[in-house]
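Asks: please work out how this folds:
(chains A and B)
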Amino acid sequence: MGMPFLRELNPIIRFFMRFYPGKEYNTTPHTPLRIPLNECKVALITTAGFFLDGQNPFELNDCSYREIPNSIQTDKLKGGHKSSAYDEQGIETDPNLAFPLDRFRELKAVGKISSLNHRHFSFMGSITKPKSLIENTAPEVAQKLKTDSVDVAFLTPV
Amino acid sequence: MCNQSVGLIQRAVEEVGISTVSITLLEDITRKVKPPRALLVPYNLGYPLGEPNNPELQHAIIAETLALFECDEESPILKVSQQREEK
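Replies: Numbering: from 1, shown residues only, chains lettered A, B, ... in the order given. Next up is the predicted model:
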């Protein structure tokens, strides 16, 4: 099927993505979901680069992350991921487009999930040198979610 | 490379024993990174859940994504969303 929407990107980005080697794996980690979703504690992870007042904005190729408390109002999120690769208007209008916290609150309200974790995590996108992400920050967030006894992580790009 | 970052983080979280699911906008990248479960959506970069301020569509995409947990195929599971391209 190829990359269906590559035609939408500007030529420089398109050229870059064609030749960017990217990470490639042969195996996949697998943790089956052993309990029904309506008994699960869920955490969200986004790479839209959202952050809150009082937190440092992201920089380019930034492998760090920001903790987003579950109690926040989504309109308080600031968009950090400025990129010519995509149109930012959507997530500026409605952060749920790439960090669907309000939608998951609604799922909790109707009992589709049991609870939301007390914190969620925001990363930057457009990381072309992901070494520190792979070796440090992604495993660190994974451990935090494990400490929190999270059952399900829902991840969204931008 | 957002879609690659999502896959890399997803792999790390799944590795510690937490079940994960993600949305992707770029099929080729996700096929390389091989996260355990991903839904390929027909939208432009910047619009993973379809449209701003469209809770109904966003819920439909989330439901499709969460349904990947019920898929008994061997991972990596990469399914194409049933939503139509709106933009």
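Asks: touching, A:Leu133 and A:Cys63? I think so.
Replies: Yes: in this structure, A:Leu133 is within contact of A:Cys63 by Cβ atoms under 8 Å, at 4.2 Å. All C-beta atoms are positioned from the backbone trio N, CA, C, and that covers glycine.
Asks: common neighbours of these two, please.
Replies: Taking Cβ atoms under 8 Å, 6 or more residues apart in numbering or on different chains as the contact rule, A:Leu133 and A:Cys63 both touch A:Phe123, A:Ile127.
Asks: the more surrounded of those two?
Replies: Between A:Leu133 and A:Cys63, counting by other Cβ atoms under 10 Å in any protein chain shown, A:Leu133 is the more crowded of the two (27 against 20).
Asks: ok, the more buried one to A:Asn70 distance?
Replies: 23 Å (Cβ to Cβ, to the nearest Å).
Asks: and for A:Arg119?
Replies: The value you get for A:Arg119 to A:Asn70, if Cβ to Cβ is used, is 6 Å.
Asks: looking at those two, which is more packed in?
Replies: Set A:Arg119 next to A:Asn70 and count neighbours by other Cβ under 10 Å: A:Arg119 wins out with 19 against 15.
Asks: not counting sequence-adjacent ones, nearest residue to the more buried one?
Replies: Spatially, and ignoring its direct neighbours in sequence, A:Arg119 is nearest to A:Glu67 (4.9 Å; Cβ to Cβ, 6 or more residues apart in numbering or on different chains).
Asks: which residues touch the helix or strand containing the one you found?
Replies: Using DSSP states H and E, A:Glu67 sits within strand A:65-69. Here strand A:65-69 makes contact (Cβ under 8 Å, 6+ apart) with A:44, A:50-52, A:55-56, A:58, A:77, A:99, A:101, A:118-123, A:137, A:140-141.
Asks: can you pull out the helices in the chain?
Replies: I went with chain A, as the question did not name one. A:11-19, A:89-93, A:101-109, A:131-132, A:138-147 (DSSP state H).
Asks: switch to chain B, that's the one I care about
Replies: B:2-15, B:27-33, B:55-66.
Asks: could I get the ones you listed in JSON lines, plus columns for mean neighbour count and mean pLDDT?
Replies: Output for the helices of chain B, formatted as JSON lines (neighbours: other Cβ atoms under 10 Å in any protein chain shown; pLDDT from 0 to 100):
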{"stretch": "helix B:2-15", "mean neighbour count": "27", "mean pLDDT": "94"}
{"stretch": "helix B:27-33", "mean neighbour count": "20", "mean pLDDT": "95"}
{"stretch": "helix B:55-66", "mean neighbour count": "18", "mean pLDDT": "98"}
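Asks: make TSV out of those and add distance to chain A.
Replies: What follows is the helices of chain B, written out as TSV (distance: least, Cβ to the nearest Cβ, whole Å):
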stretch	distance to chain A
helix B:2-15	3
helix B:27-33	4
helix B:55-66	5
